[in-house]
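Enquirer: sequence and predicted structure are below.
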Amino acid sequence: MVTDKDGILVITPHPDDAEFGVAGSVARWASEGRKVVYVVCTNGDKGSPSPDTDPRQLAQLREEEQKEAASLLGVSRVHFLRYPDQGLEDTTSFRKELVRMIRTYCPYTVVTSDPYRKYIWHRDHRITGRVVLDAVFPYARDYLSYPELWKYEGLEPHKVKEVLLWGAESPNYHLDISQTFSLKLDALRCHRSQVGDRDLTVKGFLEERARRAAWEEDFELGEAFYRVELR
């Protein structure tokens, strides 16, 4: 498959993580005509403070919320891997699924959570980021890594050109989301099971974070990443 020079693959641990982390950028990319695809690794079935919550019903609800948010942002397609919340591990099977997604869509850019954030960071975020980076390099690149993917599924190796990590403590790349910040908030509101009545609190927190991400830039609101360019 030919590389999609404009393609972006966003690999997110839970439903709603992409909206909190990169939705302003996603909306901007989509508005520029870039094809954005989501891969959601877990079903979010533990994302409730109530012990009376039915995890299966919550997982179904969060999947619908994610679809609604992605549609609002202009995301082309959403894939759900449906691993249990808090259940991700660095396994061959998980890595293979991510390699399959990379070889299927041949993105120029892969976006995910930074696995190297210090101290307190959700384990699913660390595992996702680490496995994504391994999937990008070297596994998606090499014929002899998961050779069954090209022998039986026709998925040729693919070289990703750029990785963007959100949640980085020392970002080196900032994107202007001044025109799409309101759409980011609207997408987050689609995750009603998570945002609930915290709308004003979430808005204030995200606006402050967006202002910090634009510090010393020539725009008002931004999203910050650690960018890795692959040769």
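Expert: Thanks, I have it. Numbers count the residues shown, from 1 in each chain.

Enquirer: is the residue nearest to residue 153 when sequence neighbours are not counted in a helix, a strand, or coil?
Expert: In space, and not counting its chain neighbours, residue 153 is closest to residue 100: 7.5 Å by C-beta to C-beta, 6 or more residues apart in numbering. Quick note: C-beta positions are derived from backbone N, CA and C, even for glycine. Three-state call for residue 100 (DSSP: H, G, I helix; E, B strand; the rest coil): helix.

Enquirer: and if you look at the one 10 residues further on?
Expert: Per three-state DSSP, the local secondary structure of residue 110 is strand.

Enquirer: so who does it touch?
Expert: Taking C-beta atoms under 8 Å, 6 or more residues apart in numbering as the criterion, residue 110 is in contact with 8, 9, 10, 11, 102, 132, 136, 160, 162, 163, 164.

Enquirer: again, 7 Å this time
Expert: Applying C-beta atoms under 7 Å, 6 or more residues apart in numbering to residue 110 gives the contacts 9, 11, 102, 132, 136, 160, 163.

Enquirer: read off the pLDDT value for it.
Expert: For residue 110, the model assigns a pLDDT of 98.

Enquirer: so where do the helices sit in this protein?
Expert: For the chain, the helices defined by DSSP state H occupy 17-31, 55-73, 92-105, 123-134, 148-151, 181-189, 192-195, 199-213.

Enquirer: now the closest residue to residue 199 other than its chain neighbours: how far from residue 48?
Expert: Counting by C-beta to C-beta, 6+ apart, residue 189 is the residue found nearest to residue 199 once chain neighbours are left out, at 6.7 Å. Separation of residue 189 from residue 48 (C-beta to C-beta, to the nearest Å): 18 Å.

Enquirer: got any ranges where the chain has weak pLDDT?
Expert: Under the criterion pLDDT under 70, the flagged ranges of the chain are 1-4.

Enquirer: let's go with 50 and repeat that
Expert: 1 (pLDDT under 50).

Enquirer: highest neighbour count among the contacts of residue 110?
Expert: With neighbours taken as other C-beta atoms under 10 Å, the top of the contacts of residue 110 is residue 132, carrying 30 neighbours.

Enquirer: any idea how far that residue is from residue 199?
Expert: For residue 132 relative to residue 199 (C-beta to C-beta), the value is 31 Å.

Enquirer: ok, residue 150 next?
Expert: 47 Å.

Enquirer: next one: residue 36
Expert: For residue 36 relative to residue 199 (C-beta to C-beta), the value is 25 Å.

Enquirer: neighbour-wise, which of the two wins?
Expert: It is residue 36, of residue 36 and residue 199, that has more neighbours when counted by other C-beta under 10 Å, with 27 against 13.

Enquirer: wait, what's in contact with the more buried one?
Expert: 8, 10, 26, 29, 30, 74, 75, 76.

Enquirer: which among those end up buried?
Expert: Buried subset of those (neighbour count, 16 or more other C-beta atoms under 10 Å): 8, 10, 26, 29, 30, 74, 75.

Enquirer: pick out whichever of those sits closest to residue 43.
Expert: Closest approach to residue 43 among the buried ones among the contacts of residue 36 (C-beta to C-beta): residue 10, at 17.1 Å.

Enquirer: who's the closest residue to that closest one other than its chain neighbours bridged to?
Expert: Nearest residue to residue 10, sequence neighbours excluded (C-beta to C-beta, 6+ apart): residue 111, at 4.5 Å. Residue 111 has the following beta-bridge partners by DSSP bridges: residue 10, residue 164.
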